[in-house]
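*Asks:* Next input, structure requested:
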Amino acid sequence: MYSEALKIFPVNSQEYKDISIAYGEYLNEKQYYEQAGLIFARCGECEKALGAFLLCSSWQQVFCMAAQLHYTEDKVVSIARTIAGKLMEQRRYSEAALVLEQYAKDYEEAITSLLDGAGWEESLRLIYKYSRTDILETNLKPSILEAHSNHMAFLDAQKTLFIRHKSRLAVVRENKEKEQEGFLDEEMADGPNADLYSEASSLQSASGMSSKYSHSNSRISARSSKNRRKAERKRYSLKEGSPLEDVALLEALGEIISTLDKLTGEVHRLLKILVLFGYDILASELQQALDETLQLVEKSIPEIWLPDLKNAAVYPVLGPHSTANSITASFQQPRNGGTPQQEEIFVPPKLKKNVKWKLNIL
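*Replies:* Purely as a prediction, here's the structure:
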């Protein structure tokens, strides 16, 4: 409505400005802060635009508006500190440091922000730029030593968790194979789980009725994508003995691999700064720890992501060799295939081998 109304009036008219202000306020109410800021800015409402840009941490635009409003230096410093705080809360440490140095005129806080965000080389640049080599001893070295310690502990925890999940997955798969071969629990039709067929049929029937109902009442029963993702996470439980424990373990293992793979860039930057200050032994220790963990992961991928994994793990077959858990789980699966998120679980992860993160000098 607002967009169409703006087309009617000349850009320089009062009507155009009034509609723009109303449009911007409407966008603010909808929490489309950046778009609101753009609408305010182009109609000359710089004060309102600045407020909107502040709310979405669009700091470049904030200082553009401040310049057009001819704010005093003290006011610019105050705004800089406010937005730097918001940026640090969002873990945007490098941007916060830039704002602190250039607009708040506080290079010490800028260096602190960089150290918090592992921006080692940029912090070093500022240290030498402002001739504050004392910060090397008081802040930078303690920070890189703490980072080394944290990385070593994190790698050890991830490696331990990976091995535990992998071992548990092997046990779960072995148990499922035994169940399917009839070694554990058996005569489904005559045994203690006979009622499960009736229960499973009820689940299937209820699922079909629910599907029809939700189709005809989609506006009422529709869920947000966030809620759907939350529901998908709940579908797979790591609790021992859960129907799809093997799928949950597969998902958890994939997440660990992804986390470790993304760590190479961060570790590479830390290795360089450790070597620069003579901490070669610590650097070598960290490099070896990550390298060994990645090798373990790479070797394990074909053992974990087996051929035909998806059909075997996600869609159990109803029959005399099925278990109580697998039958129940089969009726909890989507009838028309899995979502893209589900499909990803069964695709073997690929490590970025082209990334040269190790240092040859170690």
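*Asks:* Give me the domain ranges for the chain.
*Replies:* 2-137, 142-213+235-345 (automatic domain parsing).
*Asks:* can you tell me the distance between the two ends of the last one?
*Replies:* From the first residue to the last, domain 142-213+235-345 extends over 40 Å; the measure is Cα to Cα, to the nearest Å.
*Asks:* What is the neighbour count of residue 93?
*Replies:* Residue 93 has 22 neighbouring residues, counting by other Cβ atoms under 10 Å. Where C-beta positions appear, they are placed from N, C-alpha and C, glycine not excepted.
*Asks:* what pLDDT does the residue lying closest to it once chain neighbours are set aside get?
*Replies:* In space, and not counting its chain neighbours, residue 93 is closest to residue 117: 2.5 Å by Cβ to Cβ, 6 or more residues apart in numbering. pLDDT for residue 117: 97.
*Asks:* Dihedrals phi and psi, residue 117?
*Replies:* When quoted as degrees, to the nearest 10, the phi and psi of residue 117 stand at phi -100, psi 10.
*Asks:* Comparing the domains of the chain, which comes out most buried?
*Replies:* Highest mean neighbour count among these (mean count of other Cβ atoms under 10 Å): domain 2-137, with a mean of 17.
*Asks:* In contact with residue 270, which residues?
*Replies:* Counting by Cβ atoms under 8 Å, 6 or more residues apart in numbering, residue 270 touches 118, 120, 144, 147-148, 151, 283, 286.
*Asks:* which two in the residues you listed are spaced the farthest apart?
*Replies:* The distance between the two most remote of these (Cβ to Cβ) is 14.8 Å, for 118 and 283.
*Asks:* returning to that earlier point: report the contact partners of the residue nearest to residue 93.
*Replies:* 91, 93-94, 96-97.
*Asks:* again, 7 Å this time
*Replies:* Listed by Cβ atoms under 7 Å, 6 or more residues apart in numbering, the contact set of residue 117 reads 91, 93-94.
*Asks:* so of these, which ones are in helices?
*Replies:* When DSSP state H is applied, the contacts of residue 117 are split such that 93-94 fall in helices.
*Asks:* Residue 101: which of the contacts of residue 117 is nearest?
*Replies:* When the contacts of residue 117 are compared for distance to residue 101 (Cβ to Cβ), residue 94 wins out at 10.9 Å.
*Asks:* and that closest one, how far is that from residue 359?
*Replies:* In this view, residue 94 and residue 359 are 23 Å apart by Cβ to Cβ, to the nearest Å.
*Asks:* And for residue 291?
*Replies:* 11 Å.
*Asks:* quick one: the helices in the stretch 201-350 of the chain?
*Replies:* Remark: helices assigned in the stretch 201-350 of the chain by DSSP state H, counting those that start in this stretch are 218-221, 225-235, 245-276, 280-304, 309-314, 324-330, 340-345.
*Asks:* From the contact counts, what lies against the fourth one?
*Replies:* Other elements packing on helix 280-304 under the criterion 3 or more Cβ pairs under 7 Å, 6 or more residues apart in numbering; DSSP states H and E are helix 141-180, helix 245-276.
*Asks:* Output those in a markdown table, with distance to residue 2 and mean pLDDT appended to each entry.
*Replies:* Shown next, in a markdown table, are the helices and strands packed on helix 280-304 (distance: least, Cβ to Cβ, whole Å; pLDDT from 0 to 100):
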| stretch | distance to residue 2 | mean pLDDT |
| --- | --- | --- |
| helix 141-180 | 49 | 94 |
| helix 245-276 | 42 | 95 |
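*Asks:* In CSV: the ones you listed, plus distance to residue 304.
*Replies:* Formatted as CSV, these follow (distance: least, Cβ to Cβ, whole Å):
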stretch, distance to residue 304
helix 141-180, 6
helix 245-276, 6
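*Asks:* Looking at those, which is nearest to residue 44?
*Replies:* helix 245-276 (43.5 Å).
*Asks:* For the protein, which residues score under the pLDDT cut-off?
*Replies:* Low-confidence segments of the chain (pLDDT under 70): 183-235, 309-342.
*Asks:* 80 instead, please
*Replies:* 181-236, 308-343, 353-355 (pLDDT under 80).
*Asks:* Would you list the phi and psi of residue 356?
*Replies:* Phi and psi for residue 356, reported as degrees, to the nearest 10, are phi -90, psi 90.
*Asks:* Apologies, that question was intended for residue 347.
*Replies:* Dihedral angles (degrees, to the nearest 10) for residue 347: phi -100, psi 120.
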